[in-house]
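Trainee: this one's structure only:
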């Protein structure tokens, strides 16, 4: 959906442009001849109709290629590691007991922002660990976008994952059932799921505007202002409490967030 394509289109693209690479990893491609150029369950109406007209066996052939494309992308993404930032060098120097060198990695304003990040601003409640993200879902009162369909976040997403044919327990998964505990024991009901969205990593955050799950917030300054004022959530219950950060504290926090980016992507 995000890229405006459909499953048959992607399968045929792999067959025409990446056959050798695909078959080296996943084995022979199925026969994709005589398929419509476009067909998929989440495509335009005429392409959905073409998908519905295919036999179960043909749909399974396409789905398997489609799933393998996803596995290849995921394998590639797992190879991408974050670059070392000034903040990382600051932490390493402190861990080595080299406070004087650490002091040269971050400015006084950035260090003040770090103190806020782990203290008064409570950012580490959600943004922690090597990626500065807890991988959980939270309602932080992010405003809805009037022009987009209603998005209930985890409340709808959890049910969608359970029903998805490509989930960990599905026929296209390489995992053993006992490796799918997160899916099997996932909470699917409760107000805490309403408009709860997954915590993103803050690495290179300065290069990734706009912010929030639908780009509702334009700048880092606006993000910090949102968390400081803690507006009510449009649905469900926001986990935020008002921080009432002063303008100076907000600037310090933004300065620290910019220090989480590498020089090539910082702006």
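Mentor: Ah, there it is. On a predicted model such as this, the values are computed, not experimentally measured, just so you know.

Trainee: Where in this structure is the helix or strand with the lowest mean pLDDT?
Mentor: Every helix and strand in the chain was compared by mean pLDDT, DSSP states H and E; the lowest is helix 99-103, with a mean of 82.

Trainee: can you list the weak-confidence ranges in the stretch 51-200 of the chain?
Mentor: Counting by pLDDT under 70, the stretch 51-200 of the chain shows no low-confidence range.

Trainee: Which stretches in it count as strands?
Mentor: 137-138, 197-198 (DSSP state E, counting those that start in this stretch).

Trainee: Just name whatever secondary elements the first one is in contact with.
Mentor: Secondary structure elements in contact with strand 137-138, counted by 3 or more C-beta pairs under 8 Å, 6 or more residues apart in numbering; DSSP states H and E, are strand 197-198. (C-beta placed from N, C-alpha, C; glycine too.)

Trainee: Please work out the average pLDDT along the following helix or strand past the strand it packs on.
Mentor: Using DSSP states H and E, the helix or strand that follows strand 197-198 in sequence is helix 220-229. What helix 220-229 shows for mean pLDDT is 98.

Trainee: Show me the residue sitting in the middle of this structure in space.
Mentor: When C-alpha atoms, centre = their mean is applied to the chain, the residue found nearest the centroid is residue 200 (5.9 Å).

Trainee: wait, that residue sits on residue 135?
Mentor: No - Residue 200 is beyond contact range of residue 135, at 10.0 Å (criterion: C-beta atoms under 8 Å).

Trainee: what's the spacing between the top helix by length along the chain and its chain's center?
Mentor: As assigned by DSSP state H, the longest helix anywhere in the chain is helix 56-78. Its chain's C-alpha centre and that of helix 56-78 lie 20 Å apart, by C-alpha atoms, centre = their mean, to the nearest Å.

Trainee: what's in contact with it?
Mentor: For helix 56-78, the surrounding residues in contact (C-beta atoms under 8 Å, 6 or more residues apart in numbering) are 7-8, 10-11, 14, 22, 25-26, 29-32, 35, 39, 51, 54, 165-166, 172, 174.

Trainee: follow-up on the earlier one: residue 99: which of the strands of the stretch 51-200 of the chain is closest?
Mentor: strand 137-138 (34.0 Å; C-beta to C-beta).

Trainee: List the neighbouring strands of that closest one plus their orientation.
Mentor: strand 197-198 (antiparallel) (DSSP bridges).

Trainee: Nice, that's everything, thank you.
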